[in-house]
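Participant: Just the structure for this:
(chains A, B and C)
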Amino acid sequence: MAHATPTLEENMMDPPRGYEEGAGVYNEKLGMWVFLGSEIMFFTALIGSYIILRVAHPEAWKPPGEVLNVPLTAINTFLLICSSVTMVKAFAAIQDGNLAGLKRWLIATVIIGAGFVGVQVFEYIHLVNDGFVPSEGLYGSTFYTMTGFHGFHVTVGVICLMYVTWRAFQGKYSAADHRGVEVVGLYWHFVDLVWIILFTIVYLI
Amino acid sequence: MEKPKHAHPNYVGIFFFLGALTLLELGVAFLPWPKMVLILLLIFLAVWKAVLVALYYMHLRYEPNRLRLLAVAPLPLAVILVVAVTREFRW
Amino acid sequence: MPTIKSSVAGHASATGEAHTHEMSFLRKYIFSTDHKIIGIQFLIMSLVFLLAGGVLAMVIRWQLGFPGQAMPGGGVLPDTMAPDGIVLPEFYNALVTMHGTFMVFFAIMPLLVGVFGNYLIPLKIGAPDMAFPRINMASFWIAVPAGIMMIAGFVVEGGHAAAGWTSYAPLSERADLSGVSMGQILWCISLIILGLSSILGSFNYITTVINLRAPGMHWFRLPLSIWALFVTAILVLLAMPILSGAIIMLLFDQTIGTHFFGPAQGGQPLLWQHLFWFFGHPEVYILILPAMGFASDIIANGSRKPVFGYASMVFAILAIAVLGWGVWGHHMFMSGMNPTLGTSFMISTMLIAVPSAIKVFNWLGTIWLGSVRFHTPMLHAVAFVSMFIIGGLSGIFMASTPVDIYIHDTYFIVAHLHYVLFGGSLFAIFAAITYWYPKMFGRMMNPFWAKAHFVLTFVAYNFVFFPMHQLGLQGHMRRIFDPNEYEFLQHLQGLNTFISISAFVLFAAQFIFAINFIASWFVGEKAPDNPWDDNGLEWTVPSPPPHGNFATIPRVYRGPYEYSSPLVQEDFLPQNRELPPQPAGSAAHT
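Facilitator: Alright, predicted model coming up:
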């Protein structure tokens, strides 16, 4: 026997109604977590290879700080964590229906995120000028590949954040429906999380 | 199933904790201890930070168990790959 | 459900009726977000690549069957490939590489996952569409440039990638040694892009199956085809990124001078193999699990009996998917890998035979004592089971490392992989296409010609691939251009020629299918809603189903295999058919 299709009045932030019980969260959030599973595997390939190559051939690496600029990158790490805070503050704001807060915190996140990428590019330019290039043995190969793809993911994240910010200014988000904010936030925090791992194993070990 | 209403976690407090852990990492990295000890300590600190971000900023602490399971499911695969292939170069 | 509604042609009505406003031809059929259209788009693209892969195989077989002779029609090929129609060794290497690449990535995988994953999942779980229809559309349109790039490699300088579909480093990254530069780069970029398409598709499928099952569609009431597609999507999600990462490293080695796999500066060729097969083994389960799922659905239908041991079938799918992550080293027994590591892979590989065997016994148990209907899909599905048995048995030989030392990289392996991928996956694909064609196109395929195609294909196929076991045991290597340069292989030329002639017959037989497929679309008998008397939800809606699939979301009362149920007169009992309450103690349904 057919079942009446759910109406539009339900809370968007809830799992889909009128269906069999699934993951307990709305589709977009489930989708983003599933997608992040693939991102975990992608970084596993890159970071895992780095670990494997380093175990196989440890002589190819220099001690921490000798080649890479640890203080600058530590500040950059701090910046990225800041942007995670601003992101989650944006999300908390719209959870409470605070549109002004949402806009403010989103803009802050975009700026800090772009800043992170800027500092990375600046760091790359310096390293290349000093002769540390991707073809510089295993050290260069793994460094640029891992941080480069992380930086690429951050850049994509900044672009998505800009889109979400634009939508926030269009008034598309509310306390009842702010899926886009939460979902882009999850991606952003993930990118921060990967960096937390990367910073440690690339710069400090 | 309505999302459980809970007070916002102390995001800024977590942030300071993350900052403190980062400073701790920076301190540890340059200590004159055996390399293996440093590596284990640093990994431990990094994972602690990552878990905090996952639990509080990504809200896993408050999500249904099914979603938490889903989030960590790929990790054993990563472990299998790295452990098995490092055995390739250390036998 | 607003998330779905907003994507169903942009609006919904209060009564929940799914309908379309007037859309342009472009929006309705080209840039469609309807999973059914996207499934058919993948079908057309994959069948084209299946044909192309088959043509490449014909050239390979010409060289092996009639070595050094001018190929009929070979004059059209440029001198860099086949001067005077005689295949060059370098071109031969590209042929074997691209045959594998086309077939695995652009034919079998999209046929199983892109076509039937897209087409069947929403229909069979009772959903109006996928969770993310626009991302679904993106997934197809991203695959198209990947395909174009992969074809383009044939016309670039240096020729196409020629290091095998497995693209082992360092050969694949040393253009100075192989002569192939642009072709390999295109191969890499194409697969990275295709990987993105697959990942987008897989997270869509996973979200849809988890969150959009109709009320009453408990996990253990899902058809096995959906279980298989769901688990396959998880494998795609987690395995493809590993390949993407590995290919990126290979690409960087070739283009910006990194040293991941080149031994000169500490790089590790074995790292490529480990990464590739860590992806590659789950990949082969991606290539067989959906086929197993379709076989289960079709065999139950053809036998008019429930699937024997439904729950164990589900657990077997899960076991294969989980164990499949721990066996990849069995592709590397001859690589010089750590022997202890090798032994652990031998053990895990032998273990994984168990769930596959469980499935085989259950299929046989399903057919046993059934009132069998020998429709074309059933023929293909039974062929699938029997060919898979042979392919699986040869796998046991290879699992044993000492045996594999002898047969690795011989035609024994080629026989095995074609038994599971052609005998297995492709027959299941033929079964699925003939089974769901009426639903997709609203027409029946011509049954006589469909059966003729089956018989010819089945016979020719076995004549092609069974002798390859013998070739391999005699020491005939794979990917070899001219076995006659080895004296100990010269006596096998007759067998090679026999295989080649059988292959030409096999290829020709496919035109029966192609003509039947195309002609039936226009002049086939109009299909009823449920031509096979099946229980699945897709058969409760018209052929083809309207946009939005169901007028209202169905309610499910039972599993999908209630054939020959004592509760009703007919020998099938659809999942959504409500029956009056049964007295206590009668046949219980999960």
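Participant: pretty sure C:Asn218 contacts A:Gly22?
Facilitator: To be clear, residue C:218 is His; Asn isn't right here. No: using CB atoms under 8 Å as the test, C:His218 is too far from A:Gly22 to be in contact (11.5 Å). C-beta here means a position set from N, CA and C on the backbone, and glycine is covered the same way.
Participant: Show me which of these two is the more surrounded one.
Facilitator: Per other CB atoms under 10 Å in any protein chain shown, whichever of C:His218 and A:Gly22 has more neighbours is A:Gly22, with 22 against 13.
Participant: What distance do you get for the more buried one to C:Thr207?
Facilitator: 9 Å (CB to CB, to the nearest Å).
Participant: How about B:Ile43?
Facilitator: According to CB to CB, B:Ile43 and C:Thr207 sit 32 Å apart.
Participant: Can you pick out the residue with more neighbours from the two?
Facilitator: C:Thr207 (26 against 15).
Participant: show me the contacts for the closest residue in space to C:Met350 that isn't next to it in sequence.
Facilitator: For C:Met350, ignoring the flanking residues on the chain, the nearest one in space by CB to CB, 6 or more residues apart in numbering or on different chains is C:Ala399 at 5.0 Å. With contact set as CB atoms under 8 Å, 6 or more residues apart in numbering or on different chains, C:Ala399 has these partners: C:His330, C:Met346, C:Thr349, C:Met350, C:Ala353.
Participant: Contact partners for C:Leu341?
Facilitator: C:Leu341 makes contact with B:Ala84, B:Arg87, B:Glu88, B:Trp91, C:Gly329, according to CB under 8 Å, 6+ apart.
Participant: What is the burial count for the first one?
Facilitator: The one in question is B:Ala84. Applying other CB under 10 Å, I find that B:Ala84 has 19 neighbouring residues.
Participant: Pull up the gap between it and C:Tyr168, please.
Facilitator: For B:Ala84 relative to C:Tyr168 (CB to CB), the value is 19 Å.
Participant: what does the fourth one give?
Facilitator: To C:Tyr168, B:Trp91 is 21 Å away according to CB to CB.
Participant: Settle it for me: which of the two has more neighbours?
Facilitator: In this view B:Trp91 and C:Tyr168 are compared by other CB under 10 Å, and C:Tyr168 has more residues nearby, 17 against 10.
Participant: who's in contact with the more buried one?
Facilitator: Taking CB under 8 Å, 6+ apart, one finds C:Pro269, C:Trp272, C:Gln273, C:Phe276 in contact with C:Tyr168.
Participant: Verify the contact between C:Ala138 and C:Leu200 for me.
Facilitator: Yes: counting by CB under 8 Å, C:Ala138 sits close enough to C:Leu200 to count as a contact (6.1 Å).
Participant: so who does the residue nearest to B:Ala73 when sequence neighbours are not counted touch?
Facilitator: Leaving aside its sequence neighbours, B:Ala73 sits nearest to A:Gly37 (CB to CB, 6+ apart; 6.7 Å). A:Gly37 sits next to B:Leu70, B:Ala71, B:Ala73, B:Pro74, C:Phe203, C:Leu237, C:Leu238 when contact means CB under 8 Å, 6+ apart.
Participant: what does C:Phe513 give?
Facilitator: So C:Phe513 contacts C:Phe430, C:Ala450, C:His453, C:Thr457 (CB under 8 Å, 6+ apart).
Participant: Now the two most distant members of those.
Facilitator: Spatial extent of the contacts of C:Phe513 (CB to CB) is set by the pair C:Ala450 and C:Thr457 at 10.6 Å.
Participant: before we move on, what SS does C:Gly158 have?
Facilitator: Three-state assignment for C:Gly158 (DSSP: H, G, I helix; E, B strand; the rest coil): coil.
Participant: Report pLDDT for the residue nearest to B:Ala73.
Facilitator: You'll see A:Gly37 listed with a pLDDT of 97.
Participant: Also A:Ile111?
Facilitator: For A:Ile111, the predicted pLDDT is 98.
Participant: ok, now how distant is it from chain B?
Facilitator: To chain B, A:Ile111 is 17 Å away according to CB to the nearest CB, to the nearest Å.
Participant: Please work out how many residues are found near the nearest residue to A:Gly101 once chain neighbours are set aside.
Facilitator: Spatially, and ignoring its direct neighbours in sequence, A:Gly101 is nearest to A:Ala93 (3.2 Å; CB to CB, 6+ apart). Counted with other CB under 10 Å, the neighbours of A:Ala93 add up to 24.
Participant: Please list all residues in contact with A:Ala93.
Facilitator: A:Leu99, A:Ala100, A:Gly101, A:Leu102, A:Arg104, A:Trp105.
Participant: Closest to chain B out of the residues you listed?
Facilitator: For these, the residue nearest chain B by CB to the nearest CB is A:Trp105; the value is 10.6 Å.
Participant: can you count the residues close to C:Gln534?
Facilitator: Heads up, residue C:534 is Asp, not Gln. 24.
Participant: That one touches C:Asn301, doesn't it?
Facilitator: Yes: assessed by CB under 8 Å, C:Asp534 is found in contact with C:Asn301 at 5.2 Å.
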